[in-house]
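[1] sequence isn't available, so here's the structure alone:
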Ligand code: HEM
Ligand code: ISQ
């Protein structure tokens, strides 16, 4: 099953629409993650160590979430071009280290996927469609697979 130009466009178009609000969208992804899996809060060092500082005041939170979106967009482009997702070696090594240290397990990737999809749906309701959902899922799943595989290698 290939990844079409139309699918790539669905991912990129929705990200272009969301980008200007990336701060609030980043927050929403996090809130959704912690709604689905409250325990996941403990994994994030900047949340664990910061007492009662509200979530919206964590600068790292936004940049992490934006990177997730950007990497998923890059995945969509690679899938369309090559049918495969290759994450840059240095990035993959860094992601492996961060996530292995934080104790991220395979099941968590499903939580983050659901949080991401719910957030996109709510951010661009006028664009949202089963096709858009499918395109994001595929881009995310392949990216997640690359990270999970790297984490297993290191274990
Ligand atoms: C950190 C991306 C999945 C939890 C990060 C960072 C990025 C990132 C870019 C910033 C640090 C770095 O660059 O290494 C991704 C991507 C994912 C993914 C692309 C899936 C495709 C997950 C999942 C969890 C998770 C499933 C589990 C809930 C964390 C934690 C940190 C982190 C705990 C460290 C935050 C800290 O303490 O500074 N992730 N992530 N990530 N991610 Fe993910
Ligand atoms: C995965 N890892 C770190 C931060 C994130 C923020 C939003 C969605 C997924 C994430």
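    Here it is on my side, so go on. Source: prediction; values computed, not measured. Ligands and ions are numbered 1, 2, ... in the order given.
[2] you'd agree residue 113 is up against residue 137?
    Yes. With contact defined as C-beta atoms under 8 Å, residue 113 counts as touching residue 137 (7.0 Å). In short, each C-beta sits where N, CA and C put it, glycine included.
[3] higher neighbour count, the two?
    residue 113 (16 against 13; other C-beta atoms under 10 Å).
[4] host element of that one?
    Element membership of residue 113 [criterion: DSSP states H and E] is helix 106-123.
[5] cool, and residue 97?
    helix 89-102.
[6] contacts for that helix?
    With contacts defined as C-beta atoms under 8 Å, 6 or more residues apart in numbering, helix 89-102 is touched by 43-45, 71, 87, 146-147, 150-151, 153-155.
[7] from the residues you listed, which land in helices?
    Within the contacts of helix 89-102, residues falling in helices by DSSP state H are 45, 71, 146-147, 150-151, 153-154.
[8] the spatially most central residue of the chain: what's its closest spatial neighbour, skipping adjacent residues?
    Centroid-nearest residue in the chain, with C-alpha atoms, centre = their mean: residue 68, separated by 3.8 Å. Spatial nearest neighbour of residue 68, excluding adjacent residues (C-beta to C-beta, 6 or more residues apart in numbering): residue 116 at 7.2 Å.
[9] hmm, that neighbour is touching residue 28, no?
    No. Contact criterion C-beta under 8 Å: residue 116 and residue 28 do not qualify, at 9.9 Å.
[10] which one's more surrounded, these two?
    residue 116 (22 against 19).
[11] can the helix or strand of the chain with the lowest mean pLDDT be found next to ligand 1?
    For the chain, scoring each helix and strand by mean pLDDT, DSSP states H and E identifies helix 45-48 as the least confident one, at a mean of 79. Yes. Using C-beta under 6 Å from any ligand atom, helix 45-48 reaches ligand 1 at 45-46.
[12] so for the helix or strand hosting the residue nearest to the centre of the chain, mean pLDDT?
    Using DSSP H and E, residue 68 sits in helix 59-82. The pLDDT scores in helix 59-82 average 93.
[13] tell me which other helices or strands it touches.
    When contacts are defined as 3 or more C-beta pairs under 8 Å, 6 or more residues apart in numbering; DSSP states H and E, helix 59-82 packs onto helix 5-19, helix 22-36, helix 45-48, helix 106-123, helix 130-154.
[14] cool, thanks, talk later.
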